[in-house]
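Colleague: Could you look at this predicted model? Sequence included:
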Amino acid sequence: MKIEKVIRKDEKNVAVYFENNEKLILSEDVFFQSGLRKGDEVSDDRFSFFVEQNVLYYIKLRALSFLSRRFHSERELLIKLKRKSYDERLIKIVLNDLKDKNFINDLVFASHFIDEKLKKKKWGKNKIRAALFSKGVTGSTIDEALSGVEDEKGEFGLALELGSKKFGQLQKRKTDQQKYQQKISAFLISRGFDYETCREVCEKILKYDDEEKFN
């Protein structure tokens, strides 16, 4: 196929017309990288190559747009891009390129996620682990990210802080000790703390409450 003419389609795209009435719409960047000029002969394989390169270009733009808003795991980006009806094979080519250039790094993503949920949302590690796993982060990466977290209060200290606040709310309802323990435990488990930590926190809170009553 011979190129008959090349014209600018709009601000971002260039239209390449062929003598056999075929047309190729390329992004400005892909067009200039292609080196195509009027009069060039383009084989069917080369035509298909440029079509694919153009799709890859727009997948990459979309991925970078997602990443500009917040950190994403590789799996999150894959799912979001598939929803845009892009071919999974091409999506993976783009994601591998972005990983090579460190735009995608699941360890960095996990570390930022943990920092936000642990320190700002006060989630326990079980809830954090489950959330990261649902986002496609591997167990080994989650473990590595959690091991690098500096938690000033520690898991027990954070659970005690949350449990004490919950206990203060429950005291206004004037219920019995057993229900206090059930409700505090259920609340802490929902925030991602393990059963043993919840039990120890309840014991500490209720023991302190009993001592206060006798003083």
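Modeller: Good, I have the coordinates. Predicted model, so just to flag it, every value in this text is computed and none were measured.
Colleague: from here on, contacts and neighbour counts on C-alpha atoms
Modeller: Will do.
Colleague: Which helix in this protein has the most residues?
Modeller: Ranked by residue count and defined by DSSP state H, the top helix of the chain is helix 44-69.
Colleague: now that one: mean pLDDT?
Modeller: Averaged over helix 44-69, pLDDT sits at 95.
Colleague: So which elements touch it?
Modeller: Counting contacts by 3 or more Cα pairs under 8 Å, 6 or more residues apart in numbering; DSSP states H and E, helix 44-69 packs against strand 23-27, helix 28-34, helix 74-83, helix 88-100.
Colleague: Switch the ones you listed over to CSV, and while doing so, append distance to Glu144 and mean pLDDT to every line.
Modeller: Shown next, in CSV, are the helices and strands packed on helix 44-69 (distance: least, Cα to Cα, whole Å; pLDDT from 0 to 100):
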stretch, distance to Glu144, mean pLDDT
strand 23-27, 41, 94
helix 28-34, 39, 92
helix 74-83, 17, 96
helix 88-100, 18, 96
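Colleague: These: which one's closest to Ile114?
Modeller: With Cα to Cα, the closest approach to Ile114 among those belongs to helix 74-83: 16.3 Å.
Colleague: and the angle for that closest one with helix 44-69?
Modeller: Interaxial angle of helix 74-83 relative to helix 44-69 (axes from the mean of the first three to the mean of the last three Cα atoms, to 10 degrees): 120 degrees.
Colleague: which strands and helices sit next to helix 74-83?
Modeller: Helix 74-83 packs on helix 44-69, helix 88-100, going by 3+ Cα pairs under 8 Å, 6+ apart.
Colleague: Neighbours of the nearest residue to Leu160 once chain neighbours are set aside, how many?
Modeller: Leaving aside its chain neighbours, Leu160 sits nearest to Val201 (5.5 Å; criterion: Cα to Cα, 6 or more residues apart in numbering). As a burial measure, Val201 scores 25 neighbours (other Cα atoms under 10 Å).
Colleague: For Val201, which three-state class applies?
Modeller: helix (DSSP: H, G, I helix; E, B strand; the rest coil).
Colleague: what helices or strands is the helix or strand in which Asp143 is found leaning on?
Modeller: Per DSSP states H and E, Asp143 falls inside helix 139-147. Counting contacts by 3+ Cα pairs under 8 Å, 6+ apart, helix 139-147 packs against helix 106-115, helix 125-134.
Colleague: how about 7 Å then?
Modeller: Counting contacts by 3 or more Cα pairs under 7 Å, 6 or more residues apart in numbering; DSSP states H and E, helix 139-147 packs against helix 106-115.
Colleague: If anything else comes up later, I'll come back, but that's it for now.
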